[in-house]
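S.K.: show me the folded form of this:
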Amino acid sequence: MAKKQTVKKVTKKINKKSTREKETSPGLFDEPTPAVEPKTPRASNKKNRETAESVTPKALATQAQPPHIPLLEPIESLAEAQTKTSEKKTKKNKATYIDAETMAKSQREISVSEFFAKNRHLLGFDNPRKALMTTIKEAVDNSLDACEEAGIMPEIDVIIKQISDDRFEVTVQDNGPGIVKAQVPNIFGRLLYGSKFHKLKMSRGQQGIGISAAGMYGLLTTGKPIRIVSKTGPRKSAYYYELAIDTKKNRPDIIKEDETEFVHDHGTRVSIELQAKYQRGKTSVDEYLKQTALANPHTTFRYTMPDGTSMEFPRSIDELPPQPKAIKPHPYGVELGVLIKMLQESEYRRLKDFLTNSFSKVSPRVADEIIKAAKLRPNSDTRRIGRTEADELFQAINRVKIPAPATDCVVPIGEENLLKGLQSIIKAEFYTAVTRPPAVYRGNAFVIEVALSYGKPEETEKTSGKQQELTLDEQQKLLEAQLEQVDDENTEMVRLIRFANRVPLLYQQSACVTYKSIVSTNWRNYGLQQSRGSLPVGNAAIIVHIASVWVPFTSESKEAVAHYPEIIKELKLAIQECGRRLGRYLKRQSRVYDELKKRSYIEKYIPHIGQALKEILELPDDKIDKVVTDLKRILENSRKM
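M.R.: A predicted model of the protein is given here:
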């Protein structure tokens, strides 16, 4: 009990002492308390009195007085620290500017290969699936152009081999004329290198980018070079190349060169390993080859899929299309800057000779009219004509009426061949095709072709076969069931197939001039349903082909055609002609249905009329049959089937 009381007393003393220390201890920002002379503690007993006497007043003052805390020094040091920190941040965030001389040191020429390596989406290599199709398209286009220029019936093999989940090897082989050995590295190892850019005649390739860009894409995605085998004749050896593209210099890098064997007497085989994705659908390699066979009925295609399945598209005609001829530029398609350059570089010094020999469809009479309108002289020196005079000459060219350019530079597919190709790919009950006369945009000749198919042939064959055995009433029921089925199926939009210089266009459909022309046509006038701003609805397919010496594509990937008013006009005229033919066919089918319906009424009610005549006229039974037969004959002869 005594121990507990002692503990309580000690605890109270400790608490009182701590409370006094808290009250007397100044805060960090409090003013210092003046020193107070401490009082001598009272001694309650003898021991305490001795302790109090031993403690001097000076010692007590030192123990009781709290330590002095300087207030201004920490504040000044804190402000200095903040100033130093802000100065460091300012130095760190301060932008560093350079002068013109420093800028000039970093400026250099950009190679076209380097540009397209960073912007490969412009060439059609923006995703793995599209890259696979673009690679095959570029190789097939080159093979077709080479075979047709050499007068060889094309036979093209396309092989896709899957190496891993996202890697494929594409091989395209043809029986063309082959490539000269010295030109192989340049054709496959340099961008913008070719023979078609400066020629004004119809061809699939135009810019000299495609196949070399495909090899560059394969090199970027897999690190593997493009492999080429080519042979130019039966008595010549085939040579093998492995090439890579130096993107900084746009030059070929020959990795390997050797002689090898080739299956044909002449031709070329190209193999590219690339990162890709194989998938079937409307924009797949399978669909591309089907449409290419449709637009090139003179070509045989053999296709091997990644799973080993083979498919063949044999040629439907045994004749090559006519070879287009190269023409000179038309004056209406030349711009002022090009005209000035032509004047300076022309080999003809007299202005009249320059006009008649440098342009197509400019006769001496037309040249005199242009010179007179420009207020120049026929003997003017072309190299001394200044910019002002060249501008007047340019304006005079646009004022004078000049005949349209020659059309032998453009070779359309033709209505007959287009229908053969369409029938080999799409089975239908109605076909029609229209080829428009040649027209001109910006001085470039072009031809528009449109083909249309409608219906399902199996339903028509079943109906025509059964109609010979069925009665009129049964024929009517069959036609009614067929029409109901057609109405149920008319929920899908019409299939649009686009071509440019016999090459299928599978992407950017809504951005193409062909789509705009079809959508803006009123298909209700021709018997098809159509919502505003969309394709018509029905079991039909529309094929549009644009053939030109220079197809105005919207980008380097050649996926959509630009919206020129001249092209839109010709497209609409061809589409409307096909629509009118379809409308006549559908109206004729409707009349046949109505006629069969009326004939079924005759078949149904004439016997009742004969029975009524028998009762009214009291005719014998043997005459009733004759009356019924005569009534049927009279009614049928009075109607047109």
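S.K.: next helix or strand past the longest helix seen in the chain?
M.R.: What stands out as the longest helix in the chain, according to DSSP state H, is helix 565-617. Sequence-wise, the next helix or strand downstream of helix 565-617 (DSSP states H and E) is helix 621-637.
S.K.: which secondary structure elements does that next one contact?
M.R.: Helices and strands touching helix 621-637, by 3 or more CB pairs under 8 Å, 6 or more residues apart in numbering; DSSP states H and E, are helix 565-617. Bear in mind the C-beta positions are built from the backbone N, C-alpha and C, glycine included.
S.K.: now find how far off-centre the helix it packs on is within its chain.
M.R.: 43 Å (CA atoms, centre = their mean, to the nearest Å).
S.K.: which residues in the stretch 301-450 of the chain form helices?
M.R.: Taking DSSP state H, counting those that start in this stretch, the helices of the stretch 301-450 of the chain run over residues 336-345, 351-358, 364-373, 387-399, 415-425.
S.K.: out of those helices, nearest to residue 273?
M.R.: For residue 273, the closest of those is helix 415-425, at 30.9 Å, according to CB to CB.
S.K.: hmm, who's touching the closest one?
M.R.: With contact meaning CB atoms under 8 Å, 6 or more residues apart in numbering, helix 415-425 is reached by 290-291, 293-297, 316-317, 321, 413, 431-435, 449, 451, 453, 541, 543, 545.
S.K.: buried stuff in that helix?
M.R.: Residues of helix 415-425 classed as buried by neighbour count (16 or more other CB atoms under 10 Å): 417, 418, 419, 420, 421, 422, 423, 424, 425.
S.K.: quickly find the element holding residue 504.
M.R.: Using DSSP H and E, residue 504 falls in strand 503-505.
S.K.: any idea of the mean pLDDT for that strand?
M.R.: The average pLDDT within strand 503-505 is 90.
S.K.: list the strands paired with it, with their directions.
M.R.: strand 495-500 (antiparallel) (DSSP bridges).
S.K.: outside of the strand it pairs with, which residues touch it?
M.R.: For strand 495-500, contacts defined as CB under 8 Å, 6+ apart pick out 291, 294-295, 504-505, 509, 512, 514-515, 518, 535, 540-548, 551, 553, 558, 561.
S.K.: mark which of those are part of strands, please.
M.R.: Judged by DSSP state E, the contacts of strand 495-500 include 504, 505, 540, 541, 542, 543, 544, 545, 546, 547, 548 as members of strands.
S.K.: what's the most distant pair in the residues you listed?
M.R.: Across those (CB to CB), the longest gap, 26.2 Å, separates 540 and 548.
S.K.: quick one: which of the buried residues of helix 415-425 is nearest to residue 440?
M.R.: residue 418 (22.3 Å).
S.K.: now that closest one: how far from residue 629?
M.R.: Note on residue 418: its distance to residue 629, by CB to CB, to the nearest Å, is 49 Å.
S.K.: ok, residue 562 next?
M.R.: Counting by CB to CB, the gap from residue 562 to residue 629 is 68 Å.
S.K.: and what of residue 149?
M.R.: Per CB to CB, residue 149 is found 70 Å from residue 629.
S.K.: those two: which is more packed in?
M.R.: Taking neighbours as other CB atoms under 10 Å, residue 149 and residue 629 compare with residue 149 leading, 15 against 12.
S.K.: that one reaches residue 324, doesn't it?
M.R.: No: distance between residue 149 and residue 324: 9.7 Å, which falls outside the contact criterion (CB atoms under 8 Å).
S.K.: what is the neighbour count of the closest residue to residue 342 other than its chain neighbours?
M.R.: Nearest non-adjacent residue to residue 342, counting by CB to CB, 6 or more residues apart in numbering: residue 358, 6.1 Å away. Neighbour count of residue 358, defined by other CB under 10 Å: 19.
S.K.: residue 222 too?
M.R.: Applying other CB under 10 Å, we find 19 residues neighbouring residue 222.
S.K.: quick one on the thing from earlier: surely the residue nearest to residue 342 and residue 327 touch.
M.R.: No: with contact defined as CB under 8 Å, residue 358 does not reach residue 327; the gap is 12.0 Å.
S.K.: what residues of stretch 434-443 count as buried?
M.R.: Buried, per 16+ other CB under 10 Å, within stretch 434-443: 434, 435, 436, 438, 439, 440, 441, 443.
S.K.: pLDDT of that stretch, averaged?
M.R.: Mean pLDDT, stretch 434-443: 86.
S.K.: for that stretch, C-alpha coordinates in PDB please.
M.R.: The C-alpha trace of stretch 434-443 is given here as PDB (Å, rounded to 0.1, in the frame of the first residue of the first chain):
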ATOM      1  CA  VAL A 434     -21.200  -0.500-122.300                       C
ATOM      2  CA  THR A 435     -18.000   1.000-123.600                       C
ATOM      3  CA  ARG A 436     -18.100   4.800-124.000                       C
ATOM      4  CA  PRO A 437     -16.300   6.700-126.800                       C
ATOM      5  CA  PRO A 438     -12.900   8.100-125.800                       C
ATOM      6  CA  ALA A 439     -12.900  11.400-123.900                       C
ATOM      7  CA  VAL A 440     -10.300  13.900-122.500                       C
ATOM      8  CA  TYR A 441      -9.500  15.300-119.100                       C
ATOM      9  CA  ARG A 442      -6.600  17.800-118.800                       C
ATOM     10  CA  GLY A 443      -5.400  16.800-122.300                       C
END
